[in-house]
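> Sharing a model that was predicted from the sequence below.
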Amino acid sequence: MRILVIEDYAPLRRSLIQGLREAGFAVDAAADGQEGLANALSGSYDTVVLDLMLPKVDGTDILKALRKRGIHTPVLILTARDGLSDRVQGLDLGADDYLVKPFAFPELLARIRALIRRFYDTLASTIHVADLAIDTAARVVQRGGRPIDLSAREYVLLEYLALRKGRVVTRAEIWDHLYDFASDPASNVIDVYIGYLRRKIDSGHAVKLIHTRRGLGYTLVEEA
């Protein structure tokens, strides 16, 4: 999943980038509201983590601009403004969640995961595809009741396919949602990781779940 962090305080911004990347997310970051708004309008993000008190363009103006243009990317406000009126204003402007600084990083991750599930109309924390179970809260994957050990990058690719289960996901969509601006879209990394997943998810099973739609992309589905 791809996250945009808009935060002007450099130590916190660096900490968020590191923590989110270690959790397997692709992360783009902006140090001011002007850059953050440009990124939010041009990129495909699964969540925007937004500070309110930003130089150049205020966080509330970013939120208004996104919703005015019909961009429904989940927005998690991360701010020191802890008054009731501030929270109400942020939510009324279209924010999806609100977390007050200082905060516990595991709570931030849990809130981001919940926003992503809601965005993809998946309310349950565990996604099932045939005998494959993906616990998006614990990040635990099992098939036929047996645990499957995945790297962070393998897991986020599988989770994205699972959130779109039964639908074809194009290579462009995978790049947009799993890789940040620093990644090279010309590389074959997607094919490599699809291969890793096939070996771990499908190898030894009569029913294959990861399928290639030639010229289109990939899908996670049980086929008769």
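In hand now; what should we look at? Numbering: from 1, shown residues only.
> contacts and neighbour counts: CA atoms only from here.
Fine.
> most residues in a single helix of this structure, which one?
With secondary structure taken from DSSP state H, the chain has its longest helix at helix 105-119.
> Identify the residues contacting the following helix or strand past it?
Next along the chain after helix 105-119, taking DSSP states H and E as the criterion, comes strand 126-129. Here strand 126-129 makes contact (CA atoms under 8 Å, 6 or more residues apart in numbering) with 133-137, 162-163, 165, 209, 220-222.
> Try it again at 6 Å.
When contacts are defined by CA atoms under 6 Å, 6 or more residues apart in numbering, strand 126-129 is touched by residues 133-136.
> can you pull the buried residues of the helix or strand of the chain with the lowest mean pLDDT?
In the chain, no helix or strand scores lower on mean pLDDT, DSSP states H and E than helix 84-92, which sits at a mean of 78. Going by neighbour count (16 or more other CA atoms under 10 Å), the buried part of helix 84-92 is 87, 90-91.
> Give the buried residues for the following helix or strand past it.
The helix or strand immediately downstream of helix 84-92 is strand 97-100, counting by DSSP H and E. Going by neighbour count (16+ other CA under 10 Å), the buried part of strand 97-100 is 97-99.
> Please apply the same query to stretch 173-181.
By 16+ other CA under 10 Å, the buried positions in stretch 173-181 come out as 174-180.
> For burial, what's the neighbour tally of residue 105?
For residue 105, the number of neighbouring residues by other CA atoms under 10 Å comes to 13.
> ok, now how distant is it from residue 139?
The gap separating residue 105 from residue 139 is 16 Å, by CA to CA, to the nearest Å.
> cool, and residue 87?
30 Å.
> Residue 221 too?
20 Å.
> What of residue 218?
Taking CA to CA, one finds residue 218 at 21 Å from residue 139.
> So for these two, which residue has more residues nearby?
Neighbour tally, residue 218 and residue 139, criterion other CA under 10 Å: the higher count belongs to residue 218, 21 against 15.
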